[in-house]
Structures are given as structure tokens and as C-alpha cells.
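Undergrad: What follows is a predicted structure for the sequence shown.
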Amino acid sequence: MTDETLDWISVGQVADLPEGRVKTVTARTTYLCLSHFDGQFAAMDNHCPHQGGPLGEGTIERGVDDKCWIRCPWHGWDFDPLTGAPPGGHEDTGQKTYPVEVRDGEVFVGLEPEPEHTRTVTDAIAETMVNWGIKRVFGMVGHSNLGLADAIRRRMADGEMSYIGIRHEGAAAFAASAYGKLTGKPAACLAIAGPGATNLLTGMWDAKVDRAPVLALTGQVQTQVFGPGAFQDIDLKSAFQAVSRFSQPVLPTSNHSELVSLAMKTALIERDVANLIFPDDVQTMPSDAPAGGPDGRMGGPVVKPADADVAAALDLIAGAKRPMIIMGHGAWDARDQIIALAEALGAPVVTTFKGKGLIPDSHPNAAGVLGRSGTPIASWFMNECDLQIVLGASFSNHTGIDRGKPTIQVDFERMQLGKFHPVTLPVWGEIGAFCEAVAPNLARPEDAEDQITDLAERWSMWRTEKANRLREEGANGIHSVAIFDALSRLAPEDALICVDVGNNTYSFGRYFETKGQRVMMSGYLGSIGFSLPAALGAWSATQDFAEFAGRKVISISGDGGFGQYAMEMTTAVKYGMDITHILLHNHELGKISKEQRAGEWPVWETSLVNPSFAAFARLCGAHGTKVTESADLDHALAEALAVDGPALVEIMTDAELV
């Protein structure tokens, strides 16, 4: 090819490379070794043919007759910088070389016109992901997922997908889990082989036990070195077997688009984790396979309850003077029908902690959260009720649902019905369909009690109690009541709130009064560090779905939880995420100290040494402010919530005032 047909690409200034030196440069995407010796410049392929060592990180050596050789830094192979030929004994053919010109102190390398992209296996897979509705990928690009990453990059360049590069794969997993919990749609998380893949596992378990759909994409070593113990070669299928409902390697002979379709269908229908494992060499294999999609693969979602079960439920309701509805996280999609049913019954609605926010605490029928993170309002109504209508809740031991009361339980999963103990009436069906079936035929007893008046009185008593608890505040820090009272007043009614674990979360459950906000947490796994990575996922949902557009994202944690993934604050800054993080700082793993005291153990190794988190946020490029007095809470929170971007409010708290 003549010089006239080449593309001449600048790779730097003459002054950037002194005589007798080599360096690595990139022209377009071509990886080159550029050398300067005896007053001339030369360029060759940067990959040593032995093991791909970067020749541009090597040295110029003088041989016989003072001849120059470029020596590979990994294993000492030599190459003539002008011809690319080895001195003999290594390879039959040498390295590819490229023409070089120096113009006005600038070095140019001549490349052939860029060829059209050859469609690959991972292109077919990424296209299939788009067809199935994957809008967002969280991850870390690395050496064993580069082909897959480039396929994702191409979909992003075409506006079909978005990518968030995180600082730790565990954060990618939690972000994808929260995204699935919020939207009911899977996001993908991307990691390399070995430790990158294993770093996903905690977040994948969070998604699995909380029934959130997620697609995990893990790189892998080349197929030729499976098994013998190559660098970062671990059995990823076994590693993901317990946590995923679907896990398969993408092999050369696989039906690649079909694998993705099965993974996506599993994630969506089972609300579970699906995992695909990508050997390095398979990722860039050419493919002309058509992309797959969901057409003809998914049935309708509604399972209607049996007529006999509806009739039995109506009989139980008709005989109850004080029926109560218990709403769990699984009832989210049917919340409007449930609230309408409660209004028709005049029944209080309590939620599990995972279901906090399903009914606003400002609603006349709302009775707050039941259980360890709950309010005395919910506990009182639990004690007084004569019928429990349990919708989308699992009877977890943390929830505190009374097993001895007459109970109607409705769930679309038959295995959840009476899972831990028999219930009076298990009803298989979608919760919304159940509500719509019973609502037109309700018959309340004439002597049914006025529970709505009771509710108003109980809320008044609880708010008086919260005000009284504020008097406990002393010199050791701000009371949790003050924090969540202020946040209850200031948080936007449509905010998306991600909470962590620990005393900060117990206090949030008790004291924060919802007005329509959506709450996400690490429910059954209870993983510390969840909230900030989850907020990355929630913010991404505000960009991907119209129903969440423009909603403020708030994350809440203690200092222990924030320390797990603190560097993700830089991720929020990089992508301009509108996230406000509320950090309760008490220099302690306060919940663990409390458990040690309750178990009559000495308090041991729960203290923390922390920086100023407000200053840390500012160093990351975010808004950061510190609060040491209750009187300053409103101003600090309002200011942070008004920031159009990442912000952190560090609040110095008393670990004893939960």
C-alpha cells in the first residue's frame, strides 16, 4: 500500500522520546512499540509473539557490530526495530512494522485505512441483551472481558445501552440488585475472571434472596487453559451455581443468542440471578448468528385466585371485627388495589420493613412498620386484630407476624404459602387479582369496630413519644429521632431511598414517616455497605425509565456501612449522579456493640477510626457538610437535597440513642 493511501496518525512529539528509548503508543486502536535510536524513529506491533509482552516497556540493546535490538521486558526476546525480525531461534516470522515520518517535531505513524468491524459472538450477545430490555451495565473492564466490553461499548455508542464504571465489583452487584428491586427489570453487572467474578457474589446473593432480577457477566480465561490452574482460572460455574438460577459458559459451539435469551427469561420470570461466563478467546470469535429477543417467549403475568378461595376469604373477612392488612415487599405492584381494599374495609395497613413506604404513613389507614424496625402503632394493631390478611410477605422471623391469629395469605408463588407454618387460608394468585376479586363482594359486620379513629389516636401517641425521646439528647451526639424527623419533613415525596443496615436503619424504620417515597434495602441478606452502591442503581433507573425520571435519590448509612464502598462517591461524581447521602457518624459499629451487650458479652472491636466524611466528599468533588447540632439539621439537609449532583451530609450522632 502506498504512502498516499495510508492514514497518518500522530503519536507524539519528538521531544517525548529521547534517543535510545522505547515507549508504548496507540494510533487509533493499534497498539505500537515506538523506538528512537541512532537518530531515527521506528514502529512495530507492540505484542511480543511469545506471550504478548509489551515491547514498548522493554529496552534497546546493542548487539554484534553495535546493532540495535528491542528486548521484550517479560522474557528477553529480541527484535530488529526496523524490520521486526528476530535474531533467530524464536519465531519463523517477525513483528509487523509500520512506516514513520517526523514532521515539524511531531512523530506520525502510517496505518492502513481502518477495516469494517467484524461482528463477533459478544456483538450477537449484546444485541440480544438490548432486545430483552437490558438498558444498564455496571462493572469494571479488565483483561479477560475486553471483547465483551467492546461489544457493550458499541451498543452504548448506538444509544441502546448505558454503562457505569464502578470502583469495586461488589458495588456493581449491589447497584444491579437495587435496580432490579426498584424496576422489576434486570440490569447487568460485568467483571473479569477470578477475583472480579467472586467480588460479585455478595451482591448476587442480595438479589437472589430479595427476588431481584440480575444478569451477571463474568470474563474467564481462554478455553485452552481451563482446569490446569492458569492465572485467575477458577471454576466459575461452580462458584455461581448456588447463587444463580441459570449459569452457563459461552463456548465456541454454543447457540450464543439462545443462551442470552434463556438467561434473560430466567432472570425475569424467576426474579433471580442469571450468569453467563465468557472465555476470553470466545468473545471475539466472528458470528453471523441473528440476535434473539423475547417475542414468543413470555406468557401473561396474571394468576387469578380460585373462586373457592375467594369465597372462603370473603367468609373470613365478613366475620372479622378488626381485620388488618399486612403488606410485604412482594405486594409493591398491587399497592393501589390493596389500599383501596383497606379503605373499603376500614382496616389498618401495616407493612414489613422491606415494604416500608408501600402505603404512605400520611394515609389514614397506614399503621407503620411491623417488627424489630417498626413502631408501637403496628404492634398494637397486631395484638388487637382478629384477622390478618397477609399480602406479599414471607413471615420472616424479623417481621413479627402473629402465627396464632386467623390468617389469609396471598402469594403468586405457591411455595411461599404456609412456608414456615400452616395458615388458615392460603390463596395462590396475583395479589392485585385477589383484591379485585374480593373488593366488589365485601360485607363488613354491623358491629365492626372503628379502627381508623384508633389509628389517629395511636399516631398521636407515637408522635408525642418521639418528641419526648428528643429530650434524651446530650453532649454525645444528635438523636436519631431528630435526624429522621427533619428528613421526614424535607425529603421529596417521590424520593427513592436506599438504606443500609445497622442502628441507622432501625432508627429509619421507626422514626422516618413516609409520604410516598420508595424504599430499597438489603432485606433478607442484610448486607452492610448496600446503600451507596444501591443509590447508583436507583439513580440509573431515573435515567432509564420515565416513571422514575427526575426523582431525587437519597441513601442512608452509618459510618461502618459507608466505609465499605466509600470510593463509589467518586463514581457518583464521575457520572454527575443526583444522590444525597445521609451519614450517621458515631465512630462505632453501634448495632454490634448493642448485640454484645444484649448477649452479656464485653463490647469488643466495634470502635472505628474515621476521617471527616464531609471533607472526604469534597475531596471527591461532591458537596459535603458536617452537622454537630440538631438545630443545624434542617439547613444542612435542605442545602444538600437542593444540590443537583452528589452530596453528603455527615451527622455526628449518639450511638446509644437509637
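TA: All right, it came through fine. Numbering: from 1, shown residues only.
Undergrad: ranges for the helices of the stretch 1-150 of the chain?
TA: With helices called from DSSP state H, counting those that start in this stretch, the stretch 1-150 of the chain shows them at 121-131, 146-157.
Undergrad: scratch that, the stretch 351-500 of the chain
TA: 376-384, 431-438, 451-469, 480-490.
Undergrad: repeat for the stretch 501-650 of the chain
TA: Counting by DSSP H, counting those that start in this stretch, the helices of the stretch 501-650 of the chain are 503-511, 531-544, 559-564, 568-574, 590-598, 613-620, 633-642.
Undergrad: want to throw the ones you listed into TSV with mean pLDDT?
TA: Conversion of these to TSV gives the following (pLDDT from 0 to 100):
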stretch	mean pLDDT
helix 503-511	94
helix 531-544	98
helix 559-564	97
helix 568-574	98
helix 590-598	90
helix 613-620	98
helix 633-642	98
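Undergrad: Buried deepest among these, which one?
TA: Scoring the helices of the stretch 501-650 of the chain by mean neighbour count under mean count of other CB atoms under 10 Å gives helix 531-544 as the most buried, with a mean of 27. C-betas here are computed from N, CA, C, even on glycine.
Undergrad: ends of stretch 369-379, how far apart?
TA: 9 Å (CA to CA, to the nearest Å).
Undergrad: Check stretch 95-103 too.
TA: With CA to CA applied, stretch 95-103 spans 25 Å between its terminal residues.
Undergrad: again with stretch 273-286
TA: 28 Å.
Undergrad: Under the pLDDT cut-off, which ranges of the stretch 151-300 of the chain? List them.
TA: Residue ranges of the stretch 151-300 of the chain with pLDDT under 70: none are present.
Undergrad: hey, where'd the helices end up in it?
TA: Using DSSP H, counting those that start in this stretch, helices in the stretch 151-300 of the chain cover 169-183, 195-198, 201-209, 236-241, 256-270, 280-283.
Undergrad: how much space between the residue nearest the centre of the chain and residue 169?
TA: For the chain, residue 175 is the residue whose C-alpha lies nearest the centre (CA atoms, centre = their mean; 1.2 Å). Counting by CB to CB, to the nearest Å, the gap between residue 175 and residue 169 amounts to 10 Å.
Undergrad: residues bridging contact with these two, i.e. touching both?
TA: Both residue 175 and residue 169 are contacted by residue 189, under the criterion CB atoms under 8 Å, 6 or more residues apart in numbering.
Undergrad: now what about stretch 438-457, what contacts it?
TA: Contact with stretch 438-457 is made by 310, 313-314, 317-322, 324, 337, 340-341, 344-348, 364-367, 377, 381, 384, as judged by CB under 8 Å, 6+ apart.
Undergrad: Drop anything exposed from those.
TA: 310, 313, 317, 320, 322, 324, 337, 341, 345-348, 365-367, 377, 381 (16 or more other CB atoms under 10 Å).
Undergrad: Among those, which are located in strands?
TA: With DSSP state E as the criterion, strands contain 324, 366-367 from among the buried ones among the contacts of stretch 438-457.
Undergrad: mind checking which of the helices of the stretch 151-300 of the chain is nearest residue 388?
TA: With distances scored as CB to CB, the stretch of the helices of the stretch 151-300 of the chain nearest to residue 388 is helix 201-209 (23.6 Å).
Undergrad: Which elements pack onto that closest one?
TA: On a contact count with 3 or more CB pairs under 8 Å, 6 or more residues apart in numbering; DSSP states H and E, helix 201-209 meets helix 169-183, strand 214-220, helix 236-241, strand 273-279.
Undergrad: Out of the helices of the stretch 1-150 of the chain, flag the one nearest residue 252.
TA: Going by CB to CB, the one of these nearest residue 252 is helix 121-131, 8.2 Å.
Undergrad: so how far is that closest one off the chain centroid?
TA: Chain-centre distance of helix 121-131: 21 Å, with CA atoms, centre = their mean, to the nearest Å.
Undergrad: I'd like the average pLDDT over that helix.
TA: Averaging pLDDT along helix 121-131 yields 97.
Undergrad: Next, the angle from that helix to strand 273-279.
TA: 160 degrees (axes from the mean of the first three to the mean of the last three CA atoms, to 10 degrees).
Undergrad: name the helices or strands packed onto helix 121-131?
TA: helix 146-157, helix 256-270, helix 280-283.
Undergrad: Could you export those to a markdown table, including columns for mean neighbour count and distance to residue 411?
TA: Formatted as a markdown table, those follow (neighbours: other CB atoms under 10 Å; distance: least, CB to CB, whole Å):
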| stretch | mean neighbour count | distance to residue 411 |
| --- | --- | --- |
| helix 146-157 | 19 | 36 |
| helix 256-270 | 21 | 15 |
| helix 280-283 | 21 | 40 |
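Undergrad: Can you convert the ones you listed into CSV and add a column each for distance to residue 223?
TA: Shown next, in CSV, are the helices and strands packed on helix 121-131 (distance: least, CB to CB, whole Å):
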stretch, distance to residue 223
helix 146-157, 13
helix 256-270, 14
helix 280-283, 6
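Undergrad: For residue 623, find the nearest of those helices.
TA: Of all the helices and strands packed on helix 121-131, helix 146-157 comes closest under CB to CB, at 28.3 Å.
Undergrad: Not counting its own residues, what contacts the closest one?
TA: In contact with helix 146-157 (CB under 8 Å, 6+ apart) are residues 117, 120-123, 125-127, 129-130, 137, 139, 141, 161-163, 190, 217, 219, 278, 280, 283-284.
Undergrad: so which of the helices of the stretch 501-650 of the chain gets nearest residue 49?
TA: helix 568-574 (37.4 Å).
Undergrad: could I have the closest one exported to PDB, CA atoms only?
TA: Extracted in PDB, the C-alpha atoms of helix 568-574 (Å, rounded to 0.1, in the frame of the first residue of the first chain):
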ATOM      1  CA  GLU A 568     -18.100   4.900  45.000                       C
ATOM      2  CA  MET A 569     -18.600   8.600  45.900                       C
ATOM      3  CA  THR A 570     -16.100   9.200  43.000                       C
ATOM      4  CA  THR A 571     -18.400   7.100  40.700                       C
ATOM      5  CA  ALA A 572     -21.300   9.400  41.600                       C
ATOM      6  CA  VAL A 573     -19.100  12.400  40.900                       C
ATOM      7  CA  LYS A 574     -17.900  11.000  37.600                       C
END
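Undergrad: That one - contacts with which helices or strands?
TA: Looks like helix 568-574 contacts strand 162-165, helix 531-544, helix 613-620 (3+ CB pairs under 8 Å, 6+ apart).
Undergrad: what does that helix rub up against?
TA: 164-168, 171, 532-533, 535-536, 539, 577, 579, 581, 616-617, 620-622, 645-646, 648.
Undergrad: repeat for stretch 469-485
TA: In contact with stretch 469-485 (CB under 8 Å, 6+ apart) are residues 466, 503-504, 507-508, 510-512, 582, 584, 586, 627-630, 633, 651-658.
Undergrad: Ends of it, what's the gap?
TA: OK, stretch 469-485 end separation, CA to CA: 12 Å.
Undergrad: Any chance of the helices of the stretch 351-500 of the chain in a markdown table with mean pLDDT as columns?
TA: Formatted as a markdown table, these follow (pLDDT from 0 to 100):
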| stretch | mean pLDDT |
| --- | --- |
| helix 376-384 | 94 |
| helix 431-438 | 94 |
| helix 451-469 | 95 |
| helix 480-490 | 97 |
